[in-house]
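Asker: Structure, please.
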Amino acid sequence: MVGRVVAEHPVFLSTAPADASNRRLALAVVVLSLLIFLGLVPFARQPLPVVWPFIPIYQSALAISDLIAAAILLIQFNILRSRAILALACGYLFTALMAVAHTLSFPGLFAPTGLLGAGPQTTAWLYVFWHGGFPLAVVVYALLRQRWRAANARNEADSWALWLGVGAVIAAALGLTALTTVGQALLPNVLTGGANGVGLVVTVGTDLALTFAALLILWLRRPHSMLDLWLMVVMVAWLADIALSALLNHARFDLGFYAGRIYGLLSATFVLLVLLQETGALYAQLAERFQTEHQERKREEEERRRIFETSLDLILIVDRIGTILRVNPSSAAILGYEPAELVGRSAGGFVFPDDLDLVRNEMRSARRGHLIRNLAIRYLHKDGHIVTLSWSGVWSEPEQRHFFIGRDVTEQKRIERMKDEFIATVSHELRTPVTAIAGPLGLLATGAAGDMPDQVKRLVLMAHNNSNRLRGLINDILDIDKIETEKMAFNLGAVDIKRLVGAAIKANRGLAEKFGVGVSLEADPGDEIVRTDSDRLLQVLLNLLSNAVKFSPPGTQVVVTIEPRNDDVRVSLRDQGPGIPEEFKTLIFEKFAQVEATDARQKGGTGLGLSIVKQTMTRLGGRVGHFAAPAGGTIFYVDVPRWTEEMEAEPVDLRPQPVPAMTAH
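Answerer: Residues are numbered from 1 along each chain as shown. Reported below is the predicted structural model:
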């Protein structure tokens, strides 16, 4: 949740860019601090009364402030995984620990020379290490700032870095405290009779240099974030703290001593106050988002509940062993059982016995990650009849449950059986007698049985033509069924497309002469080999060519072109007909689609030809389409995949297949 807020909104000081208003506010604070500093400089050595409670009160507030800032920054590091933030958090933790050690070792506060075995130089050296360590942490922060990673980039190294950083700070604070107490003899004197000595000026100069370097690096590392901006304000206050309390003053408890420590407290609270404000803003955003997501979740749950309760499909939730955990009310309409009668019982108890093994195998497959799609399973209705449900489902590993949606396809299966019976009837009971009728009628129409009166001859010819149309319709219906049920075999191989197109033109020559239309082929010299089924593609070309001939005016030409196009070869057929009406262009490949019924009867057609063409080309891996010709008429085209060397590895005959002998019907 926090990570998403961070990703969408720059709510952290380290990521939020500093705008003009922030810069103006920070500049105002810096100018005011410098003016106060300049006003205090002439009076820095002015002695003031010794107020012993000032030291523990001031440094306790300082330590608490720094600890809170360190804690907030460590929390941000846990979210942002920024090593720069970790370095800064360690800096604040270091100042808090050093402030505690400095307070305990302060001479005359808890003991004449201070606790922890402190000597006369202990507090001075602790001050030097303290005020040099924090600027050093800021320098590290500034150098690492542009290398922070996104909130989701969590790994073990980051967790180790946090603990190593905190451990190193604690070790450094303890080590420096031991050095200034137990090992104080190793350090040179920086105080002379309780007053600032030359050694203190030199060491404090190092702290000032580190602080100025931190300020300069922060300034140069652009663009500035909000945290960069306020750290620069802190460094300015830090400079004033060091200068007043350790360089410009004379001894403890003078004006510079008190004023410098006040600057130190202000420097600690600047970033803390902004961090607290930022934390409040982040909490407000989180609360708002939580409320929004809570409302959204309630809305989604209500929608799911309504879908679950009102769906006409059967929604089923079962556990690993098939026990029904939840079922929607549609079970009553589909299976005859109320939900209360099903919950807690095994779903297998309602499955038709012959389908039980299939159900178990599919459930095992689902638990291995496979989706269940359109799985037809028979069930026993409460009154005893069989209901067929088509299931889709998925296994949820976290919840250890199967989620299924089943649609009642009993009626659909009944219709499919009726369709299969109809197709069988068409195939066996209609095609044979129609063929038997068309043959003799053709012989009579050609005069094989002798001369007939003209009126009888016209009737015989009409009957022959209609029987041929009926035979074509039967063949088209059977072809459509074979394609849709994937019963039609497709044997792909290398085919010479020019020879195939030539065969289609030759087969349609009689039809073209009948309609008084010429057919010409335009193709570049050379062979074009395509990957297709020659029988099926020839059927497509015959269909398109016969349509082009039928709908072209007498005396015009149907132009067939062959054009290589990248990975395909395009065969285009241009007619000179009236074109396809705009409102019919999207329907031209639908079943029984005809532009005009009366014209279709005149030309002869079933309305299935182009649908067969479309489905056949899809199975062949090609495309079919049409567009209006520039000077009138329509161009139909088919794109057939070219034969490539990569296809030689496929188990097909590499030699161009012979063109089958076919005639148009």
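Asker: mind giving me the domain ranges of this protein?
Answerer: 2-10+19-289, 312-408, 416-484, 493-649 (automatic domain parsing).
Asker: From Arg499, how far out is Lys506?
Answerer: For Lys506, the distance to Arg499 equals 10 Å [C-beta to C-beta, to the nearest Å]. For glycine as for every other residue, the C-beta is placed from the backbone atoms N, C-alpha and C.
Asker: I'd like the domains of the chain written out as a markdown table, with distance to Glu301 and mean pLDDT added.
Answerer: Shown next, in a markdown table, are the domains of the chain (distance: least, C-beta to C-beta, whole Å; pLDDT from 0 to 100):
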| stretch | distance to Glu301 | mean pLDDT |
| --- | --- | --- |
| domain 2-10+19-289 | 18 | 80 |
| domain 312-408 | 14 | 89 |
| domain 416-484 | 38 | 67 |
| domain 493-649 | 41 | 79 |
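Asker: Dump those domains to a markdown table, plus mean neighbour count and distance to Arg304.
Answerer: Formatted as a markdown table, these follow (neighbours: other C-beta atoms under 10 Å; distance: least, C-beta to C-beta, whole Å):
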| stretch | mean neighbour count | distance to Arg304 |
| --- | --- | --- |
| domain 2-10+19-289 | 18 | 22 |
| domain 312-408 | 15 | 10 |
| domain 416-484 | 14 | 33 |
| domain 493-649 | 17 | 37 |
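Asker: Export those to TSV and append columns for distance to Glu300.
Answerer: Shown next, in TSV, are the domains of the chain (distance: least, C-beta to C-beta, whole Å):
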stretch	distance to Glu300
domain 2-10+19-289	16
domain 312-408	16
domain 416-484	37
domain 493-649	37
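Asker: Go through these and name the closest to Gln295.
Answerer: Gln295 lies closest, by C-beta to C-beta, to one member of the domains of the chain: domain 2-10+19-289, at 10.7 Å.
Asker: The stretch 551-665 of the chain: strands as residue ranges?
Answerer: Assigned by DSSP state E, counting those that start in this stretch, the stretch 551-665 of the chain shows strands spanning 557-565, 568-574, 623-628, 634-641.
Asker: what lines up beside the second one in the sheet?
Answerer: Translated: strand 568-574. strand 557-565 (antiparallel), strand 634-641 (antiparallel) (DSSP bridges).
Asker: wait, which of these is closest to Val233?
Answerer: From the strands paired with strand 568-574, taking C-beta to C-beta, the stretch that ends up closest is strand 557-565, at 69.0 Å.
Asker: got the CA coordinates for that closest one in PDB?
Answerer: This file holds the C-alpha atoms of strand 557-565, laid out as PDB (Å, rounded to 0.1, in the frame of the first residue of the first chain):
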ATOM      1  CA  GLN A 557     -12.800  -8.900 -69.300                       C
ATOM      2  CA  VAL A 558     -12.100 -10.500 -66.000                       C
ATOM      3  CA  VAL A 559      -8.400  -9.900 -65.300                       C
ATOM      4  CA  VAL A 560      -6.400 -12.300 -63.100                       C
ATOM      5  CA  THR A 561      -3.000 -11.100 -61.800                       C
ATOM      6  CA  ILE A 562      -0.300 -12.900 -59.800                       C
ATOM      7  CA  GLU A 563       1.900 -10.600 -57.700                       C
ATOM      8  CA  PRO A 564       4.600 -11.600 -55.100                       C
ATOM      9  CA  ARG A 565       4.200  -9.600 -51.900                       C
END
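Asker: Phi and psi next, for Gly577.
Answerer: phi -80, psi -170 (degrees, to the nearest 10).
Asker: so Leu542 touches Ala504, yeah?
Answerer: Yes. In this structure, Leu542 is within contact of Ala504 by C-beta atoms under 8 Å, at 5.3 Å.
Asker: ok, so what distance separates Ala507 from Phe515?
Answerer: 15 Å.
Asker: show me where the stretch 101-250 of the chain has strands.
Answerer: 191-192, 195-196.
Asker: packing partners for the longest strand along the chain?
Answerer: Criterion DSSP state E: the longest strand present in the chain is strand 386-396. With contacts taken as 3 or more C-beta pairs under 8 Å, 6 or more residues apart in numbering; DSSP states H and E, strand 386-396 sits against helix 356-367, strand 372-380, strand 401-408, helix 410-425.
Asker: one more time with 10 Å, if that's ok
Answerer: Under the contact criterion of 3 or more C-beta pairs under 10 Å, 6 or more residues apart in numbering; DSSP states H and E, strand 386-396 touches strand 314-319, helix 356-367, strand 372-380, strand 401-408, helix 410-425.
Asker: list the helices and strands the helix or strand following the shortest one packs on?
Answerer: Okay, so that is strand 314-319. Moving toward the C-terminus from strand 314-319, the next helix or strand (DSSP states H and E) is strand 324-327. Helices and strands touching strand 324-327, as assessed by 3+ C-beta pairs under 10 Å, 6+ apart, comprise strand 314-319, helix 339-342, strand 401-408.
Asker: Run through who's touching strand 324-327.
Answerer: Strand 324-327 is contacted from outside by 308, 314-319, 331, 335, 337-350, 399, 401-404, using C-beta atoms under 10 Å, 6 or more residues apart in numbering.
Asker: gap between it and the chain center?
Answerer: Computed by C-alpha atoms, centre = their mean, to the nearest Å, the chain-centroid distance of strand 324-327 equals 32 Å.
Asker: Send over it as CSV, restricted to the C-alpha atoms.
Answerer: The C-alpha coordinates for strand 324-327 follow below in CSV (Å, rounded to 0.1, in the frame of the first residue of the first chain):
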residue,chain,number,x,y,z
ILE,A,324,-18.6,-28.2,-2.7
LEU,A,325,-17.9,-25.1,-0.7
ARG,A,326,-20.2,-22.6,-2.4
VAL,A,327,-22.6,-22.6,-5.2
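Asker: continuing past it, what's the next helix or strand?
Answerer: By DSSP H and E, the next helix or strand past strand 324-327 is helix 331-334.
Asker: any idea how far the spatially closest residue to Phe308 that is not a sequence neighbour is from Gly516?
Answerer: The shortest distance from Phe308 to any non-neighbouring residue, by C-beta to C-beta, 6 or more residues apart in numbering, is to Asn328 (4.9 Å). As judged by C-beta to C-beta, Asn328 and Gly516 stand 66 Å apart.
Asker: just Arg320 next, same as before
Answerer: In terms of C-beta to C-beta, Arg320 sits 74 Å off from Gly516.
Asker: likewise Ala284?
Answerer: Remark: distance between Ala284 and Gly516 (C-beta to C-beta) = 85 Å.
Asker: To Pro42, which of the helices and strands packed on strand 386-396 lies closest?
Answerer: Per C-beta to C-beta, nearest to Pro42 of these: strand 401-408, 80.0 Å.
Asker: partner strands of that closest one, parallel or antiparallel?
Answerer: strand 314-319 (antiparallel), strand 386-396 (antiparallel).
Asker: what's in contact with stretch 175-183?
Answerer: In contact with stretch 175-183 (C-beta under 10 Å, 6+ apart) are residues 94, 97-98, 100-102, 104-105, 114-119, 121-130, 133, 184, 186-187.
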